[in-house]
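A.B. asks: Predicted model follows, preceded by the sequence.
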Amino acid sequence: LGVKLWQQSHQPYYPLPALHQVLYIIAITNSCLLCAFLYWNLLRDMGEYQNTILRGKETLRNSNELRDKMLSIIGHDLRSPLNSLKGSLTLLESDQLTPEEQTLVIHELNERLEKSTEVLNSLLAWSSQNYFTSSSSMVKHEVPLDIHKMAEHVLEFYHDAAQKKNVTLENHVPFGTQVIGDHDQILFILRNLVGNALNFSYNDGNARVLVAIAHSNGMTEISVSDNGTGMKEDVRKNLFNLDKRHTTAGTMNEKGTGLGLIFCKEFIENHGSKMQVDSIPGKGSTFRFSLKTAHNTVSYKAKPVAQ
C-alpha cells in the first residue's frame, strides 16, 4: 500500500529511495516468514492430532488385551472347581447313594462350593486392584509370603481331585519359609502348576505331586514335580509360545486351554525370574522358578505331609 501511494504521488514513476527499498524487502520477507511459521504450526498440530489418535488406538487395544487376559485367567481358575461341583451333583442325581452317603456328599459339595466362592472372590478382587497399568504391563504388590502355608492351601484345594485319581500330594516346603512376591500372582502360579501336575499323573496308586524349595544366594527356588506322563522335547520348547501352543488331555481326559502356563510365565517374569522346565517322557516333569528370600525367614525341616 505504501509503495502504491508513493507511486501515485510521484508521477512520473521514480525508483524508491534506498531506505524504502530496504523496508519493502523486509516487509516481503516478514510476510514469507509468517506464512512459513503458520504452515509449520499447522503441520505440528496435525502431527499432534495424529499422535493423539494413535495413542487412543493403542489404549483401546491394550484395554481389549487386558479384558481378554483377565477373562481368560478367571475362566481358567474356575474350571477345576466347577468340574468338581458338577461331578458331585451328578453323583447325587444318580439315586444310588444311601442317606448317609448323600449327607457326606452334600457336606463335601458345600466345602467345594466355599472353595469355589473363595477363588471367585479372589479373582474379582484381583481384577479390580490395578494389576495392569494403562500400557497393559503388569504391576505387583510385593509382600513377605509364607510359601509353606501357600503350598498347603493349594494342595488342600486339589485334595478331592487327587483322591479321585489316587495321587499323593506332598508339601516338602519347610515351615516358616518366606519369600518376597505378589500373593495373588504366586498363588495363581502354584495352583496352575499343581493342577497341571495332577492332570498328567497316572491313576495307578504310585503317582506323587511334590512342592519343594531350595535356597541359593538370597533366592528361594520353588519347584513342583510329578512322576507322570512327562513331555517330549518339542512340546517342552513350545510350552510358553502363544502362537504354537496346543492342549493335551490329561490322563483322565482333563482338558485345558494352554493359557495357564503362559500366564505363569508372565507372572514369573514380572518378578524378575524365569520358568525352568525339566521333563522326561513317561517319567514326569519339574517346573522351577525363583523368588527373593525374605530377610526374616526362619525355616526348619518338617516331615512331609501327604495330603
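C.D. replies: Great, that's in hand.
A.B. asks: which regions of the stretch 51-200 of the chain lie under the pLDDT threshold?
C.D. replies: For the stretch 51-200 of the chain, the stretches with pLDDT under 70 are 62-81, 84, 111-112, 114-116, 118-139.
A.B. asks: Same question for the stretch 201-307 of the chain.
C.D. replies: Applying pLDDT under 70 to the stretch 201-307 of the chain flags the ranges 242-247, 255-259, 296-307.
A.B. asks: so where do the strands sit in it?
C.D. replies: 208-216, 219-226, 276-280, 284-293, 305-306 (DSSP state E, counting those that start in this stretch).
A.B. asks: For stretch 265-281, which residues meet the burial criterion?
C.D. replies: Lys265, Phe267, Ile268, Asn270, His271, Ser273, Met275, Ser279 (16 or more other C-beta atoms under 10 Å). All C-beta spots, glycine's among them, are computed from the backbone N, C-alpha and C.
A.B. asks: Same question for stretch 144-152.
C.D. replies: Within stretch 144-152, the residues scored as buried using 16+ other C-beta under 10 Å are Leu145, Asp146, Ile147, His148, Met150, Ala151, Glu152.
A.B. asks: Grab the most central residue of the chain for me.
C.D. replies: Geometric centre of the chain, nearest residue: Phe263, 4.1 Å, by C-alpha atoms, centre = their mean.
A.B. asks: any idea what sits nearest Leu92, other than its immediate chain neighbours?
C.D. replies: Take Leu92 and drop its neighbours on the chain: the residue closest to it by C-beta to C-beta, 6 or more residues apart in numbering is Val105, 5.9 Å away.
A.B. asks: the strands in the stretch 51-200 of the chain, which residues?
C.D. replies: For the stretch 51-200 of the chain, the strands defined by DSSP E, counting those that start in this stretch cover 142-146, 168-171, 178-182.
A.B. asks: CA atoms of the first one as PDB?
C.D. replies: Translated: strand 142-146. What follows is strand 142-146, C-alpha atoms only, in PDB (Å, rounded to 0.1, in the frame of the first residue of the first chain):
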ATOM      1  CA  GLU A 142       5.300 -57.400  46.800                       C
ATOM      2  CA  VAL A 143       5.000 -58.600  50.400                       C
ATOM      3  CA  PRO A 144       6.600 -61.400  52.500                       C
ATOM      4  CA  LEU A 145       4.900 -64.700  51.700                       C
ATOM      5  CA  ASP A 146       4.800 -67.900  53.700                       C
END
